[in-house]
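Chemist: Next come a sequence and a model predicted from it.
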Protein chains: 2
Amino acid sequence: MISHNAKITILGMGLLGGSYAKGFFQNNYRLTGIDIDPSAIEFAEKMHWIQEGGEDPSLVSGSDIVISCLYPDVFVQWIKDHQQFLKPGSILTDVTGIKREVMSQIQGILRKDVEFIACHPMAGREYKGIQYADASLFQNANFLIVPYENSSENAMQTARDIAGILRFRNISVLSPEEHDRMIGFLSQLTHVIAISLMNVSDNTHLAEYTGDSFRDLTRIAKINESLWPELFILNKDNLVREIDEFTAEMKHFRDLIQNEDTESMQKLMIQSTDRRSCFDVRK
Amino acid sequence: MISHNAKITILGMGLLGGSYAKGFFQNNYRLTGIDIDPSAIEFAEKMHWIQEGGEDPSLVSGSDIVISCLYPDVFVQWIKDHQQFLKPGSILTDVTGIKREVMSQIQGILRKDVEFIACHPMAGREYKGIQYADASLFQNANFLIVPYENSSENAMQTARDIAGILRFRNISVLSPEEHDRMIGFLSQLTHVIAISLMNVSDNTHLAEYTGDSFRDLTRIAKINESLWPELFILNKDNLVREIDEFTAEMKHFRDLIQNEDTESMQKLMIQSTDRRSCFDVRK
């Protein structure tokens, strides 16, 4: 378990950074926070989630564990600009939603006496900013660890400890390729569907008739436009393929309706019902 | 308000018929139930939701109000075969999810001394059968009344009374054309999306990684395959158009990802976020 004497620093005090800080604070860890926005640091200090903070990158000095909650491109740039402040032998980790490209870039630039272990907490909100931070986000969520082939047991254990402290429900270990393929389908494709369903026409006048089905399908159409285009582009091979396969499936079903092919529709409905049962949450 | 001395008969004691019967029973109405499945009648009698029941269509004789909870084609056939048992001056209503075709067919065949008023309770479940009946289905749901141009105030009031007894949250009145267009988008398109998302590939091995987003988008992929193909076919002009427009919107977004057009993606995300806010449930 991570020592309560360890210096832990969070880079980027937004929704996720703030939620991490709160979760660590509730478990009696002392944190340092770094953010270019003074009001985010002020908020975290007022809540006592961090002991010290500011925008100065040298605040990271002496940290045993550094957790980046920055957007992917900002994170890579931060390493290039400020890695001289990282402590030899320290562990660097992240929360980035896409892995292959980011892991490859970091492998190319990071000092050899610092180890990076990629993590992806599968949790979020439709809002951005530390004021929406909420450590309970993680309690029913999956924590994904995405090691390099040569990641150390020490780095893996640090990642598992972080998930444990924040009370994630499951911890899974995947390769970067498995991770990005899975996220392309389960998360990114679903967001593109929700966005497209809201944008296909202005149907806001239908709100009074709307039941749970439409609300459930479009909840994630509220999306952080500063972050997601980059995540989509970083995974575009997988995501474009998933969109193409999904729209082909829609087109196939459309033709069954057009041809009034009840029997084929029934087969697909029986299959979708069966498969969906596998995704029921076990209580 | 509907008199407690009225004879009210429900045709078809499935999920919806059973839920109606339970709701009326809880408000001290006495009901007759008709179903070709003796076990459904037995269940309803055991629960005291109906006072009498069976498969004999003549049980409907003397009813002041008849509520069909049959599938659309079965309902139309029932009128053709058994309308001689309907009481002169009585009101006939339904729960059918699609209106233009069904209303037009009924207008062509129904006796002129019986009035049909089309209703659509926008509530359901992913299961079928009276054992899943639940009158609380209706408490947050919309009740749609879809009159003919010459529907009587008496028929309209009966429809409103049914919605009131069953405690629907909202009552709306729409034309058949408005109804079917709205349902094509809000309900049918969303079901086709959910079905297609489950069927595009066998991703059941991803269940352990699945968060709320994917579960929300696919909840309605559990679907009654005996009912829905008919509903889709009865509205195929609207539904095929909605599918075409939606897949074109998906294709557009796909091209933005392919071209790494961050700015255009951001605009669409801001628009989807704004529009979705109009669908937030007011607490």
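Modeler: That came through, no problem.
Chemist: where does chain A have low pLDDT?
Modeler: A:281-283 (pLDDT under 70).
Chemist: Which parts of it are strands?
Modeler: Per DSSP state E, chain A carries strands over the ranges A:8-11, A:31-34, A:52-54, A:65-68, A:91-94, A:115-122, A:142-146, A:170-173.
Chemist: Quick one: those as TSV, columns for mean neighbour count too.
Modeler: All C-beta spots, glycine's among them, are computed from the backbone N, C-alpha and C. Listed next are the strands of chain A as TSV, based on neighbours: other C-beta atoms under 10 Å in any protein chain shown:
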stretch	mean neighbour count
strand A:8-11	26
strand A:31-34	26
strand A:52-54	18
strand A:65-68	25
strand A:91-94	24
strand A:115-122	22
strand A:142-146	23
strand A:170-173	15
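Chemist: would you turn those strands into TSV with distance to chain B?
Modeler: As requested, the strands of chain A are exported to TSV (distance: least, C-beta to the nearest C-beta, whole Å):
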stretch	distance to chain B
strand A:8-11	22
strand A:31-34	26
strand A:52-54	29
strand A:65-68	21
strand A:91-94	18
strand A:115-122	5
strand A:142-146	6
strand A:170-173	6
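Chemist: looking at those, which is closest to B:F168?
Modeler: B:F168 sits nearest to strand A:115-122 of all the strands of chain A, at 37.1 Å, using C-beta to C-beta.
Chemist: List the strands paired with the closest one, with their directions.
Modeler: Note on strand A:115-122: by DSSP bridges, its sheet partners are strand A:91-94 (parallel), strand A:142-146 (antiparallel).
Chemist: Identify whichever of those strands lies nearest to B:F143.
Modeler: Comparison of those against B:F143 by C-beta to C-beta identifies strand A:142-146 as nearest, at 39.5 Å.
Chemist: Pipe the strands paired with strand A:115-122 into a markdown table and attach distance to A:I243 per row.
Modeler: Output for the strands paired with strand A:115-122, formatted as a markdown table (distance: least, C-beta to C-beta, whole Å):
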| stretch | distance to A:I243 |
| --- | --- |
| strand A:91-94 | 26 |
| strand A:142-146 | 22 |
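Chemist: what about the helices in the stretch 101-250 of chain A?
Modeler: With DSSP state H, counting those that start in this stretch applied, the stretch 101-250 of chain A shows helices at A:153-165, A:176-183, A:190-199, A:212-218, A:228-234, A:236-258, listed in chain order.
Chemist: Return the most buried member of the ones you listed.
Modeler: Mean neighbours per residue, mean count of other C-beta atoms under 10 Å in any protein chain shown, is largest over these for helix A:190-199, with a mean of 26.
Chemist: Now A:A118. Nearest residue, chain neighbours left out?
Modeler: Spatially, and ignoring its direct neighbours in sequence, A:A118 is nearest to A:V146 (4.2 Å; C-beta to C-beta, 6 or more residues apart in numbering or on different chains).
Chemist: Can you name the residues that contact the one you found?
Modeler: Shown in contact with A:V146 (C-beta atoms under 8 Å, 6 or more residues apart in numbering or on different chains): A:99, A:103, A:118-120, A:173-176, A:179.
Chemist: Against A:S19, how distant is it?
Modeler: Distance of A:V146 to A:S19, computed by C-beta to C-beta, to the nearest Å: 20 Å.
Chemist: With A:G108 instead?
Modeler: 30 Å.
Chemist: Settle it for me: which of these two has more neighbours?
Modeler: A:S19 (27 against 8; other C-beta atoms under 10 Å in any protein chain shown).
Chemist: mind listing what that one touches?
Modeler: By C-beta under 8 Å, 6+ apart, the contact set of A:S19 is A:123, A:133-135, A:137-138.
Chemist: nearest to B:D255, of the strands of chain A?
Modeler: Of the strands of chain A, nearest to B:D255 by C-beta to C-beta is strand A:115-122, at 27.1 Å.
Chemist: of all the helices of the stretch 101-250 of chain A, which lies closest to A:N5?
Modeler: Of all the helices of the stretch 101-250 of chain A, helix A:153-165 sits nearest to A:N5, with 14.1 Å by C-beta to C-beta.
Chemist: Whether that closest one contacts chain B - can you check?
Modeler: No. Helix A:153-165 does not reach chain B (C-beta under 8 Å from any C-beta of the partner chain); its nearest approach is 14.0 Å.
Chemist: list the helices and strands that helix packs on?
Modeler: strand A:65-68, strand A:91-94, strand A:115-122, strand A:142-146, strand A:170-173 (3 or more C-beta pairs under 8 Å, 6 or more residues apart in numbering or on different chains; DSSP states H and E).
Chemist: Let me have those strands in CSV, extended by distance to B:K80.
Modeler: Formatted as CSV, the helices and strands packed on helix A:153-165 follow (distance: least, C-beta to C-beta, whole Å):
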stretch, distance to B:K80
strand A:65-68, 70
strand A:91-94, 67
strand A:115-122, 55
strand A:142-146, 55
strand A:170-173, 56
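Chemist: give me the number of residues near A:N150?
Modeler: Using other C-beta under 10 Å, the number of residues around A:N150 comes to 8.
Chemist: Could you do A:L59 as well?
Modeler: Neighbours of A:L59 under the rule other C-beta under 10 Å: 18.
Chemist: contacting residues for the residue nearest the centre of chain A?
Modeler: Chain A has A:G97 as the residue nearest its centroid, 4.0 Å off, counting by C-alpha atoms, centre = their mean. Each residue near A:G97 by C-beta under 8 Å, 6+ apart is listed here: A:120, A:183, A:187, A:231.
Chemist: Between all of those, which two are separated the most?
Modeler: Using C-beta to C-beta for every pair in the contacts of A:G97, the one that comes out farthest apart is A:H120 and A:L231, at 10.9 Å.
Chemist: Was I right to think A:E208 contacts B:L174?
Modeler: No. Applying C-beta atoms under 8 Å, one finds A:E208 not in contact with B:L174, separated by 10.7 Å.
Chemist: Of the two, which one has the most company?
Modeler: More crowded of A:E208 and B:L174, by other C-beta under 10 Å: B:L174, with 19 against 9.
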